[in-house]
Structure formats: structure tokens, C-alpha cells
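>>> Predicted model, plus sequence, below.
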Amino acid sequence: MFKIIFSEQFLDHQTGRYHPESPQRLTAIRDKLSNIYWNNKLQWLEPTPVNEGNALEWVSTIHDINYIERVKTIAKRGGGKLDEDTAVSAKSYDVALLAVSAWLDGVNQVLSNNQPCFILARPPGHHATVEMGMGFCLFSNAAIASNYALTQKGVKKVAILDWDVHHGNGTEDIIADNPNIIYCSLHQYPCYPGTGKETDRGFYDNVLNIPVEAGSTIREYDLYFQKKVIPFISKFEPDLLIVSAGYDANHQDPLARVSLFPQDYYTLTKHCLNITKKIVFGLEGGYHLEALAESVEQTILACLS
Ligand SMILES: [Zn+2]
């Protein structure tokens, strides 16, 4: 059985009409996965409720208390914006904490089963910095999950692979001074948010940025994986791999210009599985609903076959 962590509550993070990071992203994936002929191989799990877990505590280990309070206050007064793109609705604070809870559960699932799982949550996290949410992201799910994983038995090293088409500036910032975490990102460059230069290597050479040209296809990605990504992660011998799984490198995606197809994520996932089976896939971006849903399907199919 392949475990997917999902809650209907993730739909309650409202970003406003016409916003690409919409609740429909999750319903498109949910509906796709519910209707495939191998859906009997999927096990849907609810995340640990925020008041029964320790999501807030883990968020506080990374994010500035004033920032956390700010998100809470904006939500409490009915909603508002952190920046031009990043909305906080009445329920966003609770939903963002539940998303963190889901990522922590994902770590627990993978560590106890030695099998990959998928976190189907929103809001995404890789642009959120210590002091500020941005780029549709509120809390740094992947970095928080990494910090948490490092406190678990048998976990001394965590690798984060970020294949979202945008650079995860927040994740990189947060982990750059931690020698027990490596971060590798493939991202269209130049593109939002403008960070992710190849020369940015982290304090311990623990960051590998791979800027990708617009128009790149699986041919280029495959080469990057074989020559850079796989050697970098394999050499580190991580006890857990967290994939910031954004799907906006799809050729149909409205927010970037890389030319992957949904089936290409099958290939990328297989590359990851050759490194380790202990993989937490967590949703980041991906804004073409059909391509997004098909790409998640391909990721999970690769894990099951
Ligand atoms: Zn993205």
C-alpha cells in the first residue's frame, strides 16, 4: 500500500479567485488518484490534528515568533496578504499548521515503514523564510520536517531534493548552516524568486543549485540527475530523503517555461528510489491542474512499480 496524507481541511486555505495556488489543485489530484484503476493500492491517511501533535512547536524552531504571530493575527481578523502573491485567509493559520503536521507525519511514516509516502497538503513551503512567507508559502514545511527528522532515532543526515521549477530560497536559507542537511534544487533560471545561483553552495558545501534553462526537457534533467543530483545525494548517504515535489516544470504550466511531461516524473522518481526508498514526497507548486494530477500519479506509480 502506498500512503498518502491528505485532509479536506487543506482546501480551506483560500487564496482568492484566479489565484494559481488554489484548492482545486488538491481536488484535481485527489479525484485523479481516486479514479485510477490501481486506486486499491493507495491508503489515505488524515494528518495528526494540530492540537494533538507538535506542529506549532516545530514551526517555532524555525520561524521567527513575530512572523508566526503575524500570520495568526491576519487569519484571526479574517484574512489579508503577506505580499502581492501570498494570501492568508481566515483559516490559513490553522491549515498551514496542519500542513506541517502532515509533513511530520510523513517523516514518521517513512521512517517506520522504510517506504516512500506522499504529502498532499497546501499551502506549499519552500519560499517561506525564517521571518516572512512569500511566493504562496507560509511555513517552511520541508526544512521543518528535516529538523524534526534529525531528532528521530537512526537519523543523522537528511537530504532535500527540490524539483519544483522555482528555487526554494527559504529552504536553502534555513538549512545552509546545518551540516546534517543537504539541499539540492533544479530550477528555471533566471525566474522567480531570483535566487539559486550555482555558486551558492551553503556553509558546508551542503547546497547544490542547478539552474535550468527555459525550454529544458527530460533529456537535460536526466543528465543533471546522473551527473550531479545522484552523486551529490548518494555521497552524503542520507538517512531520509525529502522531495519538495513541485510540478510546475511541466510544459503546460502557466508559471514557468520548462518542458517536462507528466511521465518524466516517473523517471525522476525512479532516480530517487535508486538512492533510497526512504522518501517523503511533499507537494510544493504545480499549477496546470491536469498536468499536476497526472504528474503526481506518475510519481506514485514509480513508487509502486
Ligand atoms: Zn514553483
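Looks like it came in fine.
>>> My guess is Q14 contacts K91. True?
Yes. Between Q14 and K91 a contact is recorded at 7.4 Å, counting by C-beta atoms under 8 Å. Just so you know, the C-beta spots here come from the backbone N, C-alpha and C atoms, and that holds for glycine as well.
>>> which residues touch the one residue in the stretch 51-200 of the chain that gets nearest to the ion?
Here the stretch 51-200 of the chain gets closest to the ion at one residue, H166, 3.6 Å apart by C-beta to the ion. Counting by C-beta atoms under 8 Å, 6 or more residues apart in numbering, H166 makes contact with 126-127, 135, 187-188, 191-193, 246, 248, 255-256, 285.
>>> Of these - the most surrounded one?
For the contacts of H166, the largest number of neighbours (other C-beta atoms under 10 Å) sits with H126, at 31 neighbours.
>>> residue contacts, the closest residue to that residue other than its chain neighbours?
Once flanking residues are discounted, H126 sits nearest to G168: 3.3 Å by C-beta to C-beta, 6 or more residues apart in numbering. Contact analysis of G168 by C-beta under 8 Å, 6+ apart lists H126, H127, A142, I160, D162, Y183, S185, H187, S244, E284.
>>> What's the local residue count around the fifth one?
Counted with other C-beta under 10 Å, residues neighbouring D162 total 26.
>>> tell me how far the biggest helix by length in the chain is from the chain's mean position?
Determined from DSSP state H, the single longest helix within the chain is helix 92-113. Per C-alpha atoms, centre = their mean, to the nearest Å, the displacement of helix 92-113 from the mean C-alpha position of its chain is 11 Å.
>>> same check, this time on stretch 75-82
The chain centre lies 24 Å from the centre of stretch 75-82; the measure is C-alpha atoms, centre = their mean.
>>> do stretch 140-158 as well
The chain centre lies 14 Å from the centre of stretch 140-158; the measure is C-alpha atoms, centre = their mean.
>>> Would you tell me whether that stretch gets close to the ion?
No. Applying C-beta under 5 Å from the ion, one finds stretch 140-158 separated from the ion by no less than 12.7 Å.
>>> Around the ion, which positions in this protein sit nearby?
D164, H166, G246, D248, G285.
>>> next one: phi and psi at the fourth one?
Okay, so that is D248. For D248, the backbone dihedrals are phi -90, psi 10 (criterion: degrees, to the nearest 10).
>>> swap in the last one?
Reported as degrees, to the nearest 10, the phi and psi values for G285 are phi -90, psi -160.
>>> List the contacts of whichever residue of the chain sits closest to the ion.
Minimum separation of the chain from the ion (C-beta to the ion) falls at G285, amounting to 2.9 Å. Counting by C-beta under 8 Å, 6+ apart, G285 touches E21, P124, F136, D164, V165, H166, G246, Y247, D248, L255.
>>> I am finished for the moment; much appreciated.
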